[in-house]
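>>> sharing a model that was predicted from the sequence below.
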Amino acid sequence: MTTHSSYAPSSLNESFLTKWPGVKPLPFLIVLCLGLGLWHLPVPDGLDIQTWHLFAIFVATIFAIIAKPLPMGAISILSLAICVGTKTLTLQESLSSFSSRIVWLVLFAFFIARGFVKTGLGSRISYFFVQTFGKNTLGLSYALVLSDLLLAPTVPSNTARGAGILFPIVSSLSKEQGSCHTKGTQRHLGAFLIKVIFHSNLITSAMFVTAMAGNPLIISLAADVGVHLTWSGWAMATLVPGLVNLTLLPLFLYVLYPPELKKTPEAPASARLKLKEMGRLSFEESAMMVTFISLLVLWVFGQQLGIDSTSAALMGLAALLFTGVLTWEDILHEKSAWATLIWFSILLMMAGQLTKMGMVNWFSIKMEGAVVAYHWGIAFSILSLVYLYSHYLFASATAHISSMYSAFLVVMIAAGTPPQLAALSLAILSSLCACLTHYGTGTAPVYYGSGYVSVADWWRFGGLTSLLHLAVWSIVGGLWWKALGIW
C-alpha cells in the first residue's frame, strides 16, 4: 500500500503553519498569546480596565508589525476591528485620527514626491547634487545633511522639511543611481541615504525653536513652571553638540549600515552630460518648480499668513492637479501613500487614546515615586532615559510633549536638577526620541513607506542611533552646557 506523504499529519501541520493563504499562523499565534496574556493580567492600580485593554491591543499591534503575520495595513485594520468589536473604543474614537493634519501632510508629501519623479525635476536636482558632491556616497549624504541644516531654522515643520522637501530629492538620487526597492537594490544607495536623512532631520529639529512644530509648545510649557527658554539661548545651547551629532551620524551609519555603492569617481562627469541632454526646463518641470517654491515660502512664512503646513501642502497638490503635472490616476496609483494613510492613522489613534485615557499621566506619577529618593544626577539620568524610550508608545512628537514634558520637567526640578538643564534636555530628547520607530514622527512613515528599509532594520538602527545621540549630547552637550553655565 502506497503512503501519500502529502496527506500525512505532520505535512498537514507544516502546511497549516507555513502556507495559510491569509495570515501566517505561527507568528499570528505568538502575537495572539502576547495580546491575550496582557489583556487578562490584573489591571494596575490607577488604571481602568478599558485603558489596560487598549494598551494590550497597542502592544500586540506593535509586535505584530515586527513579526509580520500580515502586511502592516492589514494588521492595523485587524487591530481597529478588535478595538471596536471588544467595545474598547467606539467606532468614532477608532476613526478619529483619519482627520489628523499630520496624517494628511504625510499623504500629500507622497504625492508631491511623485510630481518630482514624474516631471524629471527630481532627476535634474539629483544630477546637480551628483555633479557637485557625487565622487562618493558619503559626500552625497553630507550634502543632504547640510541642506537640512540650512532649511531647519526657517521651516517650522520637520515633516514639511524632511518629507516634503528632502524626501523627493533622496528618492530621485537613489533611483538615478540604480537603487530601487522593487528591484531588490535598496541597499545599493537608497537605504543608506534614507536612514541618514531621516535621522539628521531629527537632529536639526532639536537645534532650533523654529525647526519643529512642538518646540514652541515646549517653550510655553517650560515657562509655566518658571523656566524661560529663548530662540537664541536654545540655538546656542544646541550648536556644538548638534553639529558634532550631524558630523558623526553619516559616518556612524556608513560603518553599521553601509551602502553597496561607495565610490563613484565617474559620476560627476556623467551627471553633467545628463544635465546637458535634459536641456531646458519643460513646462511640467517649471510648473513643479514654481509649486515647490511656493510651498517652501508657505512653509516658512505660513504662520504669519495663518496657513499651516498641511493646508499649504493641500494647495500645492491642487496646483499640481490643475496644471496637469499630476493626474488623478497618478494619485490612485500611489499605493504606498494610501497604505501609509491606513496604518499610520490607526497607530496614531491608539497612541492618542492611551494618552487621553490617562495612561501616560499614570506612568509619569509612577516615575516620580520611583526616583524621588535619588541624587539629582541619578534621577535626571533615569528620567531622561525613560522620556526618550517611552516614545515607543507615541506616534507623534507633539503628542509626546503634550503628555509628558511638563510632568517630567517638574519631577526633574523637584529632584534638584538645574531648571535650564532639565528644560533643555527634555526639549532635545523630544525630537531625538522619534529615531526609534517607523511611526514616531510625521517624516517616519514617508521614509519607511518608500520601501528601502525593513521594519527590523528600522527598529534595530533606530535603537543604535539613539545610543549615538545619548553619547554625543551627554558628553559633548554636557561639557558645552557646563561652559555656558547652564549647570
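Nice, I can see it.

>>> my read: residue 210 touches residue 151, true?
No. Between residue 210 and residue 151 there is no contact under C-beta atoms under 8 Å: 10.7 Å. No exception for glycine: its C-beta is placed from N, CA and C like everyone else's.

>>> tell me which residues are up against stretch 368-388.
Applying C-beta atoms under 8 Å, 6 or more residues apart in numbering, the contact partners of stretch 368-388 are 367, 404, 407-408, 411-412, 414-417, 421-422, 425-426, 429, 432-433, 466, 470.

>>> so of those, which ones are in helices?
Secondary structure assignment by DSSP state H places 367, 407-408, 411-412, 414, 421-422, 425-426, 429, 432, 466, 470 of the contacts of stretch 368-388 in helices.

>>> what's the burial count for residue 142?
Residue 142 has 19 neighbouring residues, counting by other C-beta atoms under 10 Å.

>>> so what's it closest to, chain neighbours aside?
Nearest non-adjacent residue to residue 142, counting by C-beta to C-beta, 6 or more residues apart in numbering: residue 250, 5.9 Å away.

>>> which ones are touching the one you found?
Listed by C-beta under 8 Å, 6+ apart, the contact set of residue 250 reads 138, 141, 142, 145, 196, 200.

>>> list the contacts of residue 127.
Residues in contact with residue 127 (C-beta under 8 Å, 6+ apart) are 176, 271, 272, 274, 275, 278.

>>> tell me where the model's unsure across this structure.
Low-confidence regions of the chain, defined by pLDDT under 70, span residues 1-21, 126, 154, 156.

>>> domain boundaries for this protein, per the record?
Here the domain parsing of the chain from automatic domain parsing is 20-94, 100-212+235-335, 358-484.

>>> can you tell which of the ones you listed is closest to residue 344?
In terms of C-beta to C-beta, the element of those nearest to residue 344 is domain 358-484, at 4.5 Å.

>>> how many neighbours does residue 177 have?
22.

>>> for the one 10 residues further on, same thing?
When counting by other C-beta under 10 Å, one arrives at 18 neighbours for residue 187.

>>> what sits against residue 403?
So residue 403 contacts 355, 360, 361, 394 (C-beta under 8 Å, 6+ apart).

>>> next up, the contacts around the last one.
Taking C-beta under 8 Å, 6+ apart, we find residue 394 in contact with 351, 355, 400, 403, 433, 440.

>>> quick one: it and residue 433, what's the gap?
8 Å (C-beta to C-beta, to the nearest Å).

>>> mutual contacts of these two, please.
Contact criterion C-beta under 8 Å, 6+ apart; residues shared by residue 394 and residue 433: 400, 440.

>>> residue ranges of the strands in the stretch 151-300 of the chain, please?
Per DSSP state E, counting those that start in this stretch, the stretch 151-300 of the chain carries no strands over any range.

>>> now do the contacts for residue 215.
Here residue 215 is in contact with 205, 208, 209, 234, 427, 430, 431 (C-beta under 8 Å, 6+ apart).

>>> the third one and residue 217 touch, don't they?
No. Taking C-beta under 8 Å as the contact criterion, residue 209 and residue 217 are not neighbours in contact, 10.4 Å apart.

>>> between the two, which has more neighbouring residues?
residue 209 (20 against 16).

>>> for that one, which residues are in contact?
Each residue near residue 209 by C-beta under 8 Å, 6+ apart is listed here: 215, 216, 219, 229, 231, 234, 235.

>>> what does residue 480 give?
The contact partners of residue 480, by C-beta under 8 Å, 6+ apart, come to 237, 240, 241.

>>> right, and the second one touches residue 478 too?
No. Residue 240 is not in contact with residue 478 according to C-beta under 8 Å; the separation is 11.0 Å.

>>> most neighbours of all the contacts of residue 403, which one?
With neighbours defined as other C-beta under 10 Å, the most crowded of those is residue 394; it has 28 neighbours.

>>> on the three-state scheme, the residue nearest to residue 244 when sequence neighbours are not counted is what?
Of all residues not flanking residue 244 in the chain, residue 476 sits nearest, at 4.9 Å (C-beta to C-beta, 6+ apart). State at residue 476, reduced to three classes by DSSP: H, G, I helix; E, B strand; the rest coil: helix.

>>> neighbours of residue 476, how many?
17.

>>> which non-adjacent residue is nearest residue 196?
Nearest residue to residue 196 in three dimensions, chain neighbours excluded: residue 141, at 4.6 Å (C-beta to C-beta, 6+ apart).

>>> and what about that neighbour, helix, strand or coil?
Three-state call for residue 141 (three-state DSSP): helix.

>>> pretty sure it contacts residue 198?
No. Counting by C-beta under 8 Å, residue 141 does not reach residue 198; the two are 11.6 Å apart.

>>> kind regards, and thank you for your time.
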